[in-house]
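**Q** Fold the following.
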Amino acid sequence: MLNCDEMKAISEIEGKYYMPPLISRLNNLIKNHGYKESFRYLHPTIVGAKDEVLAIIEERKNQGIIKDVKQASKTVVGAVFSNCIEYLFLKAKEAGAVRRDIFVTSKVKKFGEMVSIIVDGESQKPDMDLVFYTLNKNEHPENMMIVSLKTSLREQAGQTYKWKLLLEIATTENPIRDKYNITYPLGKTPLVCFATVNFYDEINNPQHRGMFKFFDKSFIGKPIDADFIDNLSTLIDYANEKL
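**A** Presented below is the predicted three-dimensional model:
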């Protein structure tokens with residue numbers, strides 16, 4: 001069973017103007033592949049809905065709701081990836097595949113403030129799109145897994161792993177931490193993860209493959225198997241085990 005906030009989150013995702021073509025496909029994925037394996041097929045799912053989503057955007061331009069189709073399309077592509085993961089995760093939790101005490105949200109502002117690293121008085125927040133977390137007895141976030149999502153590795157994927165390195169510096173004894181006055185006030189460190197759908201087949205680039213090693217876990221939402229990145233189909237098991 002989901003709580004009221006989780007049911008509201010599902011409704012909000014379903015209500016986004018560009019999501020109906022994707023919601024129907026996601027529900028078919030669940031039906032055909034089950035809750036965990038559905039994550040494996042996010043790439044073909046998003047690509048398959050592209051024409052329908054573009055048609056919706058064009059119609060909104062014709063109605064005068066938006067002005068720039070190209071900009072709207074770019075914004076939607078990034079949002080779609082996040083919405084699909086959150087939707088599938090919540091539907092899996094509703095079915096009992098996710099521990100009841102694990103929550104997910106795309107409303108990450110307060111979490112960014114919580115996990116900020118301080119560099120000589122200046123706050124450094126991670127690039128993150130989703131947070132999976134548990135609560136302590138006071139209903140405050142306790143264990144956290146922050147996830148940066150990128151539809152393409154051409155985007156600024158590097159800034160996420162650089163923050164992860166900064167976190168390592170802030171939470172270990174080392175001269176760099178003292179030199180630059182780096183502190184991490186929260187104390188308990190989150191899991192820092194990365195996920196992509198790899199639209200442009202960039203994951204075999206050695207520079208990108210090396211980047212994945214800095215994260216606690218990296219995921220790909222594409223029906224491929226590789227030894228340097230895990231499939232998104234492992235996301236639920238990883239969250240259930242680690243949080």
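
**Q** Which strand or helix spans residue 218?
**A** If you go by DSSP states H and E, residue 218 is part of strand 217-220.

**Q** Partner strands of that strand and their direction?
**A** Partners of strand 217-220 in the sheet, by DSSP bridges, are strand 191-196 (parallel), strand 230-231 (parallel).

**Q** okay, those strands in JSON lines with mean pLDDT and mean neighbour count next?
**A** Where C-beta positions appear, they are placed from N, C-alpha and C, glycine not excepted. Converted to JSON lines, those look like this (pLDDT from 0 to 100; neighbours: other C-beta atoms under 10 Å):
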{"stretch": "strand 191-196", "mean pLDDT": "93", "mean neighbour count": "24"}
{"stretch": "strand 230-231", "mean pLDDT": "93", "mean neighbour count": "19"}
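
**Q** Nearest to residue 22, out of those?
**A** strand 191-196 (16.6 Å; C-beta to C-beta).

**Q** any residues touching that closest one, and which ones?
**A** Applying C-beta atoms under 8 Å, 6 or more residues apart in numbering, the contact partners of strand 191-196 are 81, 85, 126, 144-153, 157, 160-161, 163-164, 167, 203, 212, 215-221, 232, 235, 242-243.

**Q** Give the helix, strand or coil label for residue 101.
**A** Look at residue 101: counting by DSSP: H, G, I helix; E, B strand; the rest coil, its state is coil.

**Q** From residue 192, how far out is it?
**A** Shown here: residue 101 relative to residue 192, a distance of 21 Å by C-beta to C-beta, to the nearest Å.

**Q** Residue 134 belongs to a helix?
**A** No - the assignment for residue 134 by three-state DSSP gives strand, which leaves it out of any helix.

**Q** pretty sure it contacts residue 142?
**A** Yes - using C-beta atoms under 8 Å as the test, residue 134 is close enough to residue 142 to be in contact (5.2 Å).

**Q** Can you list the helices and strands that the longest strand seen in the chain packs against?
**A** In the chain, taking DSSP state E as the definition, the longest strand is strand 141-150. Secondary-structure packing of strand 141-150 (3 or more C-beta pairs under 8 Å, 6 or more residues apart in numbering; DSSP states H and E): helix 69-94, helix 109-114, strand 130-135, strand 191-196, helix 235-242.

**Q** winner for burial among these?
**A** strand 191-196 (a mean of 24; mean count of other C-beta atoms under 10 Å).

**Q** send the alpha carbons of it over as PDB?
**A** Output of strand 191-196 as PDB, limited to C-alpha atoms (Å, rounded to 0.1, in the frame of the first residue of the first chain):
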ATOM      1  CA  LEU A 191      24.900   6.600  -1.500                       C
ATOM      2  CA  VAL A 192      25.700   8.500  -4.700                       C
ATOM      3  CA  CYS A 193      24.500   6.900  -7.900                       C
ATOM      4  CA  PHE A 194      24.200   7.700 -11.600                       C
ATOM      5  CA  ALA A 195      21.700   6.500 -14.200                       C
ATOM      6  CA  THR A 196      21.500   7.000 -18.000                       C
END
